[in-house]
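Predicted model follows, preceded by the sequence.
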Amino acid sequence: MTGDAMTGDAMTGDAVTRPGATGDAGTGAGAGSDAGTGGVVAGDAVTGDAVPCEAVAGAVGDREILLVVHTGRPSNVLVAQEVARRFAAAGVRLRVLKDEAAELDRSCYAQVVTADDNAAEGTELVFVLGGDGTLLRAAELARAAGVPVLGVNLGRVGFLAEADSDALFEAIAHVIERTYEVEERMTVDITASVDGEEFAGTWALNEASVEKSSRERILDVVVEVDGRPVSAFGCDGVLVATPTGSTAYAFSAGGPVVWPDVHALLVVPSNAHALFARPLVVSPTSVVALEIDPGGHPAVLCADGRRTIGLPAGARVEVRGGATPLRLVRLREGPFTDRLVEKFSLPVQGWRGPLAE
């Protein structure tokens, strides 16, 4: 396969050309370690030539990638070092985050950066080793720089990841040879205000949740869509999710699974005390507002389970389709249905398929 890779525009469905993606995907070559000397060597990701770890930091080339790793597991650190060696063999330099650098071999990266909006600036993509939590952390850095994210699942479900651990070397080869596509995922922009005065703002890839701040208390809210009230009830919380987030917290709260190419907002009550407290699917251009009872108790706003903001009684939270999507690397062309069945281990025994014509 040669030529520019094409990917559908997430909003319009029109083809978008990504320059520079040429060549067929390669496969990762085997790696080994010199048990006698302790000097670890790795196979070149394309040719299989040995690459000493000391050569990684000095990789020469104009290509650079930000590596984000769940360093809490020693096995992940070893995987990260192997990834670094394979990229170095292809002349791709790696950046790592300051709070992860101490856990990684110093000779296996070229630059250490602070985890802020500039961390991924100027890189080709963000390469993630970990689960969905690690990918959500990386998404904060990638979205700010406008670069795509490629996740390799080293956790459990890893729904956001594009590759599992057994396809790690294949994923590296796709990156080296630029044989991948990029799709855009809808995000949400979130604001919090009191008496018309905005005091906080953030964004989310999966969901914004407004939840009770004390276990023993109930949260009284009014749900509003496009400036009109829909329902008021007591609950543990209310989630406003994207299609990407429909398989995350919203799914656990009883919301529907929404295919990622469907553009919509989901409103999902959590443990509501009401007859009409069912999930809602609304337009992606709608504005969903959640108002906390002024005479009730404080609450907490949580974005993707990562960023929390305290909400006083009487606060108002508005959620709308995000101005900036998150870009995700795609290596496979299979339908979302197959990914859903695989990740959730859904039973499909007895399926016979469409009748032959």
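Yep, it's here.

Which neighbouring elements make contact with the helix or strand harbouring Glu170?
Using DSSP states H and E, the element containing Glu170 is helix 168-177. Here helix 168-177 touches helix 74-89, strand 149-153, going by 3 or more C-beta pairs under 8 Å, 6 or more residues apart in numbering; DSSP states H and E. Yep, even glycine has a C-beta here, placed from its N, CA and C like the rest.

in the helix or strand hosting Thr337, what counts as buried?
Per DSSP H and E: Thr337 is located in helix 336-344. By 16 or more other C-beta atoms under 10 Å, the buried positions in helix 336-344 come out as Lys343.

average pLDDT across it?
Across helix 336-344, pLDDT averages out at 92.

and if you look at stretch 168-179?
On average, stretch 168-179 scores 97.

CA atoms only for it, dumped as CSV, please.
The C-alpha coordinates for stretch 168-179 follow below in CSV (Å, rounded to 0.1, in the frame of the first residue of the first chain):
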residue,chain,number,x,y,z
LEU,A,168,3.1,-4.3,20.5
PHE,A,169,5.8,-4.8,18.0
GLU,A,170,3.4,-4.6,15.1
ALA,A,171,2.1,-1.3,16.4
ILE,A,172,5.7,0.1,16.6
ALA,A,173,6.3,-1.0,13.0
HIS,A,174,3.1,0.8,11.9
VAL,A,175,4.4,4.0,13.6
ILE,A,176,7.9,3.7,12.1
GLU,A,177,6.5,3.2,8.6
ARG,A,178,3.7,5.7,9.1
THR,A,179,1.1,3.1,8.0
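
what's the offset of it from the middle of its chain?
A distance of 19 Å separates the centroid of the chain from that of stretch 168-179, by C-alpha atoms, centre = their mean, to the nearest Å.

which residue ranges form the strands in the stretch 201-350 of the chain?
Using DSSP state E, counting those that start in this stretch, the strands found in the stretch 201-350 of the chain span residues 207-212, 219-225, 228-235, 237-241, 265-270, 280-282, 287-292, 299-303, 307-311, 316-321, 326-330.

any chance of those in CSV, with distance to Val77 and mean neighbour count too?
Listed next are the strands of the stretch 201-350 of the chain as CSV, based on distance: least, C-beta to C-beta, whole Å; neighbours: other C-beta atoms under 10 Å:
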stretch, distance to Val77, mean neighbour count
strand 207-212, 31, 26
strand 219-225, 41, 21
strand 228-235, 42, 15
strand 237-241, 33, 27
strand 265-270, 36, 25
strand 280-282, 42, 17
strand 287-292, 41, 22
strand 299-303, 28, 23
strand 307-311, 26, 17
strand 316-321, 37, 21
strand 326-330, 23, 22
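
contacting residues for the closest residue to Asp132 other than its chain neighbours?
Leaving aside its chain neighbours, Asp132 sits nearest to Leu160 (5.0 Å; criterion: C-beta to C-beta, 6 or more residues apart in numbering). Neighbouring residues of Leu160 by C-beta atoms under 8 Å, 6 or more residues apart in numbering: 132, 135-136, 151, 244, 328.

Show me the shaky parts of this structure.
Filtered on pLDDT under 70, the chain yields the residue ranges 1-61, 356-357.

domains in this protein, as residue ranges please.
The chain breaks down into these domains under the TED database: 64-185+327-344, 188-321.

Dump the ones you listed to TSV, plus distance to Pro354.
Below are the domains of the chain laid out as TSV (distance: least, C-beta to C-beta, whole Å):
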stretch	distance to Pro354
domain 64-185+327-344	14
domain 188-321	19
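
Show me what the next helix or strand along the chain from the helix holding Glu170 is packed against.
Next along the chain after helix 168-177, taking DSSP H and E as the criterion, comes strand 181-185. For strand 181-185, the packing partners by 3+ C-beta pairs under 8 Å, 6+ apart come out as strand 5-8, strand 326-330.

Please report the distance of the residue nearest to Ala90 when sequence neighbours are not counted from His297.
Nearest residue to Ala90, sequence neighbours excluded (C-beta to C-beta, 6+ apart): Ile176, at 4.4 Å. Distance of Ile176 to His297, given as C-beta to C-beta, to the nearest Å: 54 Å.

Ok, Gln349 next?
48 Å.

out of these two, which sits in the busier spot?
The neighbour comparison of Gln349 against His297 (other C-beta atoms under 10 Å) goes to His297, with 17 against 4.

Could I get the phi/psi values of the residue nearest to that one when sequence neighbours are not counted?
Ranked by C-beta to C-beta, 6+ apart and with sequence neighbours excluded, the top spatial neighbour of His297 is Arg217, at 4.8 Å. Note on Arg217: its backbone torsions stand at phi -110, psi 160 [degrees, to the nearest 10].

neighbours around Arg217, how many?
Neighbours of Arg217 (other C-beta under 10 Å): 14.

How much space separates it from Thr179?
Plainly put, Arg217 is 53 Å away from Thr179 if you go by C-beta to C-beta.

for Ala171, same thing?
Remark: distance between Ala171 and Thr179 (C-beta to C-beta) = 11 Å.

Show me which of the two is the more surrounded one.
Neighbours were counted for Ala171 and for Thr179 using other C-beta under 10 Å; Ala171 has more, 24 against 18.

for that one, what are its contacts?
Under the contact definition (C-beta under 8 Å, 6+ apart), the residues listed for Ala171 are 150, 152, 162-163, 331.

circling back: so which of the helices and strands packed on helix 168-177 is the most packed in?
strand 149-153 (a mean of 26; mean count of other C-beta atoms under 10 Å).

which is the next helix or strand following that strand?
strand 163-164.

strand partners of that next one, parallel vs antiparallel please.
Pairing partners of strand 163-164, with direction, according to DSSP bridges: strand 149-153 (parallel).
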